[in-house]
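Q: Provided below for reference: sequence and predicted model.
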Amino acid sequence: MPEQLILSPIGKHYLDLDGVKDDYLVFCNDEEIGRINKSVDTPDGKPWLWSITAEHAKREWRKLDRGASETKEGAMMAFKAAWRDFNRLIR
């Protein structure tokens, strides 16, 4: 069964960011593994940014760990694909 990735508003986890819109942490098995957020300053028309922030991924995987998309859904799909690739690599 594939791992379920869950988006959670960043303000639920960092009180100083409460009320910030379009900014999410990505969790897998209750572990924070990344972030997806909307930026207002993207010249390429892809405002939704994603990044894998899990420390074990940063240490063990030197491939693409961030990207941009036109939509939040697209960013989540790209994040899932990158996370799946990382997990295949370490198994």
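A: Looks like it arrived, so ask away.

Q: partners of whichever strand or helix holds residue 32 in the sheet?
A: Secondary-structure element containing residue 32, defined by DSSP states H and E: strand 31-38. Taking DSSP bridges as the criterion, strand 31-38 sits next to strand 23-28 (antiparallel), strand 48-52 (antiparallel) in its sheet.

Q: Would you mark the buried spots in the longest helix anywhere in the chain?
A: Ranked by number of residues, the top helix in the chain under DSSP state H is helix 72-90. For helix 72-90, a neighbour-count test (16 or more other CB atoms under 10 Å) marks 72, 75, 76, 78, 79, 80, 82, 83, 86 as buried. In this view, the C-beta of every residue, glycine as well, is placed from N, C-alpha and C.

Q: any idea of the pLDDT on residue 55?
A: With respect to pLDDT, residue 55 scores 74.

Q: Tell me the spacing between it and residue 28.
A: Taking CB to CB, to the nearest Å as the measure, residue 55 falls 13 Å from residue 28.

Q: Quick check, pLDDT for residue 58.
A: 62.

Q: likewise residue 61?
A: The model's pLDDT for residue 61 equals 60.

Q: now residue 66
A: Value for residue 66, per-residue pLDDT: 88.

Q: what sits against it?
A: Applying CB atoms under 8 Å, 6 or more residues apart in numbering to residue 66 gives the contacts 49, 50, 51, 52.

Q: Quick check: beta-bridge partners of the first one?
A: Put plainly, it is residue 49. residue 37, residue 68.

Q: in the strand holding residue 32, what counts as buried?
A: 33, 34, 35, 36, 37.

Q: Nice, that's everything, thank you.
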